[in-house]
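Student: Mind folding the following:
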Amino acid sequence: MASYVQEDEKEMWGSFVFEEAPGWYQDSLDNEGNRFTVDELMSRTVPFVHEYDLSNNFQPIPTRTAGPVLPIWHRSPLEPGNLGLVSIGYDALAIEEVADLALASSLSLRPSLGFAQLLDTSEGASFGSVVVDSQIAQPITENGEVVGMLWLRLPWREFFEDLNVDGLFGMIAVLRSSCDIGTGVLVDTANKLSYSIDSSGAVFLGQLDAHDKQYDDHVVSQVILDLDLDEGQIREGYCDHKLTLDLYPTRELEATFETTKPLVYTSVVVAIFVFTSLVFLLYDFFVGRRQRKFIDRIMRQDQIVSDVFPTAIRNRLYENGQKDQDNLLDPLGGGLGTEGAPLADLFLEITVVFADIAGFTAWSSAREPAQVFILLETIYGGFDKHAYRHSVFKVETVGDCYVAVAGLPEPDKDHALAICRFARDCIKTMKDTTLKLEVLLGPDISDLELRVAIHSGQVTAGVLRGERSRFQLFGDTMNTAARMESTSERSRIQVSQVTADLLVASVGSTKKDQDIRQGKRGHADILVEY
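Tutor: Presented below is the predicted three-dimensional model:
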C-alpha cells in the first residue's frame with residue numbers, strides 16, 4: 001500500500017514513517033511470524049522517500065521523481081526481498097511499469113493490471129521454470145481524488161484453480177491481451193497465456209494458445225478488463241491491457257460424458273503422482289537435513305581454524321592437509337603431524353603488543369570463577385573487535401595478558417601505527433568496561449587498569465605442530481616486549497625506541513601528531529593522538 005505525497009511533504013512523511021515503522025513491523029510480525037526482528041527490520045529501513053541506485057550496489061538515494069511521489073508504507077507479507085531490502089519508504093513511481101499502472105488507475109478510477117514473469121517456486125516445478133503473474137493497482141480515493149494505491153499480486157494459476165469444478169476433467173483457459181504480456185508494448189504475438197485446468201489444479205502451459213483447434217466452436221469467451229483509456233494521457237509506447245478469457249473443452253472433458261473409465265485411469269495416475277510426490281518430498285527432506293548438518297559442521301570447523309590461525313597460514317594448512325586425502329570434514333588430515341617441512345617464516349618488520357591487566361591477580365583470587373570469566377570475556381571481546389578493525393592479529397592470551405601483532409602474515413608498512421592505535425582503543429575499552437561492570441562485579445573493579453608495552457623488530461612465526469597445534473611467535477622482539485610490559489605504567493603505552501622511530505616516520509614529527517618522551521631503560525612512553 002502506498003500514498004501520494006507532495007513535494008513539500010517528503011521530509012515530514014519520511015520522519016513520520018520512520019517513527020511509526022517499529023509499531024507497524026511489530027504488528028506484522030505478530031500476525032505473520034516473520035523470521036526477522038523489529039531491530040533488524042529498522043536497520044534496513046531508510047528514513048526518507050527513496051529509490052535504489054542500481055549502479056552503486058543498490059544504495060538508497062533520494063527519489064528523483066518530479067512532483068508528487070508514491071512511497072510504500074505497508075506491505076504483507078513483510079519478508080525482505082532477496083537483496084535484504086524492505087519496501088517502507090520506497091517510491092513506487094521510480095519503476096516505470098508501476099508508474100504506468102498508477103497513472104492508468106488514476107485516470108480511470110478503476111483497477112489497472114500489468115504482467116511480470118517470475119520463477120516458479122511451487123512444489124514439483126522444474127528448475128528455471130517460470131510463471132506469469134499480474135500486478136493489480138487499485139486506486140484509493142477520497143472525495144473523488146486519488147490519494148493512494150493498493151497493489152495486489154494475482155497468481156493466475158491460483159485464479160484458474162478457483163474455476164475448477166469437482167468431477168470436471170480437462171479444460172484449457174486462454175488469457176488474451178491486446179498487448180505483449182511480457183513487455184506491455186502493442187504487438188500481434190506473445191500476448192496469450194494458456195493453463196490446463198482439471199480436478200488436481202491448474203498448470204501453466206506457456207505463453208501461447210494451447211487449445212485444441214477442433215474445439216474452436218465450443219469456446220466460452222468473456223472480456224474481464226477494459227479501461228478504455230485516452231491514449232493522449234498515457235506514456236508513449238505504453239499499452240493498456242484489454243483482457244479476454246477464453247475457456248475451451250478438451251478431449252478428456254468430452255470423454256467424461258461418454259464413459260467412466262477416464263475417471264478410474266485418472267485416479268490411478270493421481271494416486272501414483274501423490275505417492276511419488278510423497279517419496280520425493282521425504283527424500284528431499286532427509287537429504288536436505290543431512291546437507292545442512294554437513295555444511296554447518298564445515299562452517300564451524302572453518303571458523304575455529306580461522307580464529308586460531310591467520311588466513312594465509314590457514315590456507316597453507318588446508319593445502320597441505322588435502323594433498324593426500326580429500327575429506328572435507330577433516331581438511332587438516334586428522335591433525336598436524338611433525339612429518340614434512342615445518343610451516344614457519346621469518347618476518348623482518350612487525351610490531352608486537354603485550355597488554356596486561358594490572359591488579360587482576362589479586363582481584364580474581366577473591367572472586368568466583370564465573371565473575372572472572374565475565375570480566376575477561378567482555379574485555380577480550382572488545383579487544384578482538386579493535387583487532388579486526390585495525391587489521392591486527394591476536395596471537396594468544398596468557399592469563400590476563402593479551403598478545404597481538406601487526407605486520408604478519410601480510411606485510412604492513414604502518415604496522416607500528418596500527419598497533420598503537422589498537423592499544424589506544426584497548427585502554428579506552430578497558431576503562432569503559434570496568435565502569436559498566438561495577439554494579440555486577442563490585443566497585444573495586446575500577447582499580448583494574450591496562451598496562452601496555454610495544455616493541456618492533458623481527459620474529460620467527462609459524463605453526464608449532466602436534467596434538468594441539470598453535471600459531472606461535474618466537475624471537476628477541478617477543479622477549480623484549482614481554483619485559484617492557486612488566487615496567488610499563490598503568491593506562492599508559494610504553495614503546496621501544498625502535499617503535500617510536502617508526503611512529504615518527506609514519507605520522508610525522510609535529511607535536512600535534514605525537515607526544516613521545518624518553519623513559520626508563522631506553523624505552524619511551526607514548527601518548528598518541530590521531
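
Student: list the helices and strands the helix or strand containing G14 packs on?
Tutor: G14 is located in helix 10-32, with elements delineated by DSSP states H and E. Helices and strands touching helix 10-32, by 3 or more Cβ pairs under 8 Å, 6 or more residues apart in numbering; DSSP states H and E, are helix 38-43. Yep, even glycine has a C-beta here, placed from its N, CA and C like the rest.

Student: How many residues are close by the closest residue in space to V38 that isn't next to it in sequence?
Tutor: Setting aside the residues directly before and after it, V38 is nearest to Y25 in space (Cβ to Cβ, 6 or more residues apart in numbering), at 4.8 Å. Neighbour count of Y25, defined by other Cβ atoms under 10 Å: 22.

Student: hmm, back to that, quick one: average pLDDT of the helix holding G14?
Tutor: Across helix 10-32, pLDDT averages out at 80.

Student: How are the strands of the stretch 151-300 of the chain distributed by residue range?
Tutor: Remark: strands assigned in the stretch 151-300 of the chain by DSSP state E, counting those that start in this stretch are 171-177, 192-198, 201-206, 220-225, 243-249.

Student: Mean neighbour count added to the ones you listed, as CSV?
Tutor: CSV is the format used below for these (neighbours: other Cβ atoms under 10 Å):
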stretch, mean neighbour count
strand 171-177, 21
strand 192-198, 21
strand 201-206, 16
strand 220-225, 12
strand 243-249, 19
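
Student: looking at those, which has the lowest confidence?
Tutor: When I compare the strands of the stretch 151-300 of the chain, strand 201-206 is least confident, with a mean of 80.

Student: what helices or strands is the helix or strand encompassing R451 leaning on?
Tutor: R451 belongs to strand 449-464 when assigned by DSSP H and E. Applying 3+ Cβ pairs under 8 Å, 6+ apart, one finds that strand 449-464 contacts helix 311-321, strand 344-358, helix 415-436, strand 470-474, helix 476-487, strand 493-495, helix 497-507.

Student: Pull out the buried residues from it.
Tutor: Applying a neighbour-count criterion of 16 or more other Cβ atoms under 10 Å, one finds 449-457, 459, 461-463 buried in strand 449-464.

Student: Switch the residues you listed over to TSV; also include distance to V98 and pLDDT.
Tutor: As requested, the buried residues of strand 449-464 are exported to TSV (distance: Cβ to Cβ, whole Å; pLDDT from 0 to 100):
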residue	distance to V98	pLDDT
E449	60	91
L450	57	92
R451	62	92
V452	58	94
A453	62	94
I454	58	94
H455	63	95
S456	60	94
G457	63	94
V459	61	92
A461	58	85
G462	60	82
V463	57	81
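
Student: Low-confidence ranges, this protein, go.
Tutor: Where the chain drops to pLDDT under 70, the residues are 32-35, 76-85, 117-130, 163-169, 182-190, 227-238, 258-260, 300-340, 466-468, 508-530.

Student: If you compare the directions of the longest helix along it and strand 192-198, what angle comes out?
Tutor: The residue-count maximum for a helix in the chain (DSSP state H) belongs to helix 261-308. Taking axes from the mean of the first three to the mean of the last three Cα atoms, to 10 degrees, one finds that helix 261-308 is oriented at 110 degrees with respect to strand 192-198.

Student: could you give the angle of helix 261-308 to strand 470-474?
Tutor: In terms of direction (the same axes, to 10 degrees), helix 261-308 departs from strand 470-474 by 20 degrees.

Student: Helix 261-308 packs against which elements?
Tutor: Secondary elements touching helix 261-308 (3+ Cβ pairs under 8 Å, 6+ apart): helix 251-256, helix 311-321.

Student: How about the first one, which residues are buried there?
Tutor: If I follow you right, that is helix 251-256. Here helix 251-256 shows E252, L253, E254, A255, T256 as buried, counting by 16+ other Cβ under 10 Å.

Student: neighbours around A66, how many?
Tutor: 8.

Student: Secondary structure class of it, three-state.
Tutor: coil (DSSP: H, G, I helix; E, B strand; the rest coil).

Student: what's the offset of stretch 374-389 from the middle of its chain?
Tutor: Relative to the chain's own centre, stretch 374-389 is displaced by 25 Å; criterion: Cα atoms, centre = their mean, to the nearest Å.

Student: List the buried residues for it?
Tutor: For stretch 374-389, by 16+ other Cβ under 10 Å, it's L375, L376, T378, I379, Y380, G382, F383, H386, A387.

Student: Check whether the first one really touches L437, as I assumed.
Tutor: Yes. Applying Cβ atoms under 8 Å, one finds L375 in contact with L437, separated by 6.5 Å.

Student: Following the chain past the helix or strand harbouring F383, name the next helix or strand.
Tutor: Assessed by DSSP H and E, F383 sits inside helix 369-389. Once the chain leaves helix 369-389, the next helix or strand it forms, by DSSP H and E, is strand 393-398.

Student: And for the closest residue to C239 other than its chain neighbours, the neighbour number?
Tutor: Computed as Cβ to Cβ, 6+ apart, the closest residue to C239 that is not its neighbour in sequence is C179, at 3.5 Å. Neighbour count of C179, defined by other Cβ under 10 Å: 20.

Student: Then P60?
Tutor: 19.

Student: my guess is it contacts P47, does it?
Tutor: No. With contact defined as Cβ under 8 Å, P60 does not reach P47; the gap is 9.6 Å.

Student: so where do the helices sit in the stretch 51-200 of the chain?
Tutor: Secondary structure of the stretch 51-200 of the chain (DSSP state H, counting those that start in this stretch): helices at 96-108, 156-161.

Student: Figure out how far the longest one is from the centre of its chain.
Tutor: What that stands for is helix 96-108. For helix 96-108, the separation from the chain centroid amounts to 32 Å (computed by Cα atoms, centre = their mean).

Student: buried stuff in that helix?
Tutor: V98, A99, D100, L101, A102, L103, A104, S105, S106, L107, S108.

Student: What is that helix packed up against?
Tutor: Partner elements for helix 96-108 (3+ Cβ pairs under 8 Å, 6+ apart): strand 112-119, strand 130-142, strand 145-154.

Student: Which one, of the ones you listed, ends up nearest to A173?
Tutor: Ranking those by proximity to A173 (Cβ to Cβ) places strand 130-142 first, at 12.8 Å.

Student: about what we covered before: show me what the helix holding F383 is packed up against.
Tutor: Contacts defined by 3+ Cβ pairs under 8 Å, 6+ apart place helix 369-389 against strand 393-398, strand 401-406, helix 415-436, helix 438-441.

Student: switch the cut-off to 10 Å
Tutor: Applying 3 or more Cβ pairs under 10 Å, 6 or more residues apart in numbering; DSSP states H and E, we find helix 369-389 packed against strand 344-358, helix 360-365, strand 393-398, strand 401-406, helix 415-436, helix 438-441.

Student: Show me what the fourth one pairs with in its sheet, parallel or antiparallel.
Tutor: Pointing back at strand 401-406 there. Counting by DSSP bridges, the strands paired with strand 401-406 are strand 344-358 (antiparallel), strand 393-398 (antiparallel).

Student: May I see the buried residues of that strand?
Tutor: Y402, V403, A404, V405, A406.

Student: pretty sure P68 contacts A92?
Tutor: No. Judged on Cβ atoms under 10 Å, P68 makes no contact with A92 at a distance of 11.5 Å.

Student: higher neighbour count, these two?
Tutor: A92 (21 against 13).

Student: give the contact list for that one.
Tutor: With contacts defined as Cβ atoms under 10 Å, 6 or more residues apart in numbering, A92 is in contact with 2, 51, 63, 65, 69-72, 98-99, 101-102, 137, 149, 151.

Student: ok, R492 - how many residues close by?
Tutor: Other residues lying near R492 total 17 when counted by other Cβ under 10 Å.

Student: To R297, which of the helices and strands packed on helix 96-108 lies closest?
Tutor: Between R297 and the helices and strands packed on helix 96-108, the shortest gap by Cβ to Cβ is with strand 112-119, which sits at 30.2 Å.

Student: Contact partners for the residue nearest to S194 when sequence neighbours are not counted?
Tutor: The shortest distance from S194 to any non-neighbouring residue, by Cβ to Cβ, 6+ apart, is to A210 (3.7 Å). Contact partners of A210, counting by Cβ under 10 Å, 6+ apart, are I172, A173, V174, K192, L193, S194, Y195, S196, Y248, T250.
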